[in-house]
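In: Predicted model and sequence below, questions to follow.
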Amino acid sequence: MSMIRARADKRLLALLDISSPIIQAPMAGVSTPALAAGVSNAGGLGSLGIGAANAEQARDMIRATRALTARPFNVNVFCHASAKANPRAEAAWLAYLTPCFREFGVAPPASLREIYRSYRDDADARAMLLEERPAVVSFHFGLPPAEHIAALKAAGIVLLATATSLDEARRIEAAGVDGIVAQGVEAGGHRGVFDPDEPDEGLGTLALVRLLVQRTSLPVIAAGGIMDGAGIAAALALGAVAAQLGTAFIACPESSADVLYRDQLAADPPRPTTLTRAISGRAARGLVNRLTEMGEAADAPALPDYPIAYDAAKALSTAAKAHGSAEFAAHWAGQGVALAQALPVTALMAQLQAELRETLAALTNR
């Protein structure tokens, strides 16, 4: 245990003002103020994913969370390159999906649109964060311009950013961010790669964490496939200061996951996960379904850009869910999904912390 503690740099935990090394992943579209506040109230760091929200929707989420907790929480933004419209590709993708829409008695959209903006291009979101000043802001899919980072730091906000490789981690370090979220390929949801057109080595969480601990100077947070206290202990043993869990929290009643999503999380045997671009236009890990399989088919056309492709998936998922089908849904989940438990967030946090203590005690007594 003393070796684990020696390796676990506590600088970031002190900066974040949290007592537990458990961070809830932002999970845009699933995380809620109640979920984030529950994690923070239990000593961890709750998170809100506002990447798919406009500035005023995000402001409402932040204020609703503040009404439920006086503790710090994280607000996550997307820093992807702006989508490039391609009417030909968009029309071809809609034509490919048209038979699926017809199964549910609806027509496909006449056209597709960019359903949300990148934080890099959203002046309203930047102004809102500087006005609201959440304790923590995290970046996914890359980094905003240097002046945005400087403004957030000047406002006293702690900054985190996702890395999937050593190169991305070093860019985060050079940008003056406070900590790195090391996202292994096991993680549910969107891969945080900076450039989706570049090769992705697909490093696993444990290998990536150890690499970044050894080769960068910033505190590292492990993310991907971690579902229980033993997994958190493993991350700490490799030098991470904390572990970020997403899939473990989806089944909490405080999340906004719908009934079909919850049923799939509880399925026995569990449905496998896959990395797919078919849902949003960008690689993300979720439960296998007809849409993910269609994206892999030999006759599948080229996908529209992210998040334009997501507009088609959301419309098709809405039509399918109205008929009780989850076969076209974005049910993001990590490789540890079979370990998910439907517990209230307070109970889950207590269990995770107890498991962590038990694991560390067992290691000490060996």
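Out: Looks like it came in fine.

In: From now on I want contacts and neighbour counts done on CA atoms only, so please keep to that.
Out: Fine.

In: What is the burial count for residue 91?
Out: When neighbours are defined as other C-alpha atoms under 10 Å, residue 91 has 16 of them.

In: Look up how far residue 349 lies from the closest residue to it other than its chain neighbours.
Out: Using C-alpha to C-alpha, 6 or more residues apart in numbering and skipping the chain neighbours, the partner closest in space to residue 91 is residue 111 (7.1 Å). Distance of residue 111 to residue 349, given as C-alpha to C-alpha, to the nearest Å: 44 Å.

In: can you check residue 248 too?
Out: Separation of residue 248 from residue 349 (C-alpha to C-alpha) stands at 10 Å.

In: Between these two, point out the one with more neighbours.
Out: The neighbour count for residue 248 versus residue 349, taken as other C-alpha under 10 Å, is higher for residue 248 (28 against 25).

In: That one: what secondary structure?
Out: Put simply, residue 248 is helix when judged by DSSP: H, G, I helix; E, B strand; the rest coil.

In: ok, it - contacts?
Out: By C-alpha atoms under 8 Å, 6 or more residues apart in numbering, residue 248 lies in contact with 226-228, 337, 339-341.

In: circling back: wait, doesn't the residue nearest to residue 91 sit right on residue 92?
Out: No: counting by C-alpha atoms under 8 Å, residue 111 stays clear of residue 92, with 10.6 Å between them.

In: Who has more neighbours out of those two?
Out: Taking other C-alpha under 10 Å, residue 111 and residue 92 do not tie; residue 92 has more neighbours (16 against 12).

In: Return the residues in contact with that one.
Out: Residue 92 touches 301-302, counting by C-alpha under 8 Å, 6+ apart.

In: the helices in the stretch 251-366 of the chain, which residues?
Out: Secondary structure of the stretch 251-366 of the chain (DSSP state H, counting those that start in this stretch): helices at 259-265, 290-296, 308-321, 345-364.

In: Go through the last one and flag the buried ones.
Out: Neighbour-count burial for helix 345-364, with 16 or more other C-alpha atoms under 10 Å as criterion, is recorded at 345-346, 348-349, 352-353, 355-356, 359-360.

In: Kindly reformat those residues as JSON lines and extend each row with distance to residue 70 and pLDDT.
Out: As requested, the buried residues of helix 345-364 are exported to JSON lines (distance: C-alpha to C-alpha, whole Å; pLDDT from 0 to 100):
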{"residue": "345", "distance to residue 70": "17", "pLDDT": "98"}
{"residue": "346", "distance to residue 70": "16", "pLDDT": "98"}
{"residue": "348", "distance to residue 70": "20", "pLDDT": "98"}
{"residue": "349", "distance to residue 70": "17", "pLDDT": "98"}
{"residue": "352", "distance to residue 70": "22", "pLDDT": "98"}
{"residue": "353", "distance to residue 70": "21", "pLDDT": "97"}
{"residue": "355", "distance to residue 70": "26", "pLDDT": "97"}
{"residue": "356", "distance to residue 70": "25", "pLDDT": "96"}
{"residue": "359", "distance to residue 70": "30", "pLDDT": "95"}
{"residue": "360", "distance to residue 70": "29", "pLDDT": "92"}
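
In: Now those in a markdown table, please, with extra columns for distance to residue 143.
Out: Below are these laid out as a markdown table (distance: C-alpha to C-alpha, whole Å):
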| residue | distance to residue 143 |
| --- | --- |
| 345 | 30 |
| 346 | 33 |
| 348 | 32 |
| 349 | 30 |
| 352 | 31 |
| 353 | 32 |
| 355 | 35 |
| 356 | 32 |
| 359 | 36 |
| 360 | 35 |
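
In: Out of the residues you listed, which is nearest to residue 328?
Out: Nearest to residue 328 out of these is residue 345 (C-alpha to C-alpha; 27.8 Å).

In: The residue nearest to residue 175 when sequence neighbours are not counted: how many residues sit nearby?
Out: Leaving aside its sequence neighbours, residue 175 sits nearest to residue 146 (C-alpha to C-alpha, 6+ apart; 6.9 Å). Applying other C-alpha under 10 Å, we find 10 residues neighbouring residue 146.

In: swap in residue 135?
Out: Neighbours of residue 135 using other C-alpha under 10 Å come to 18.

In: No more questions from me, cheers.
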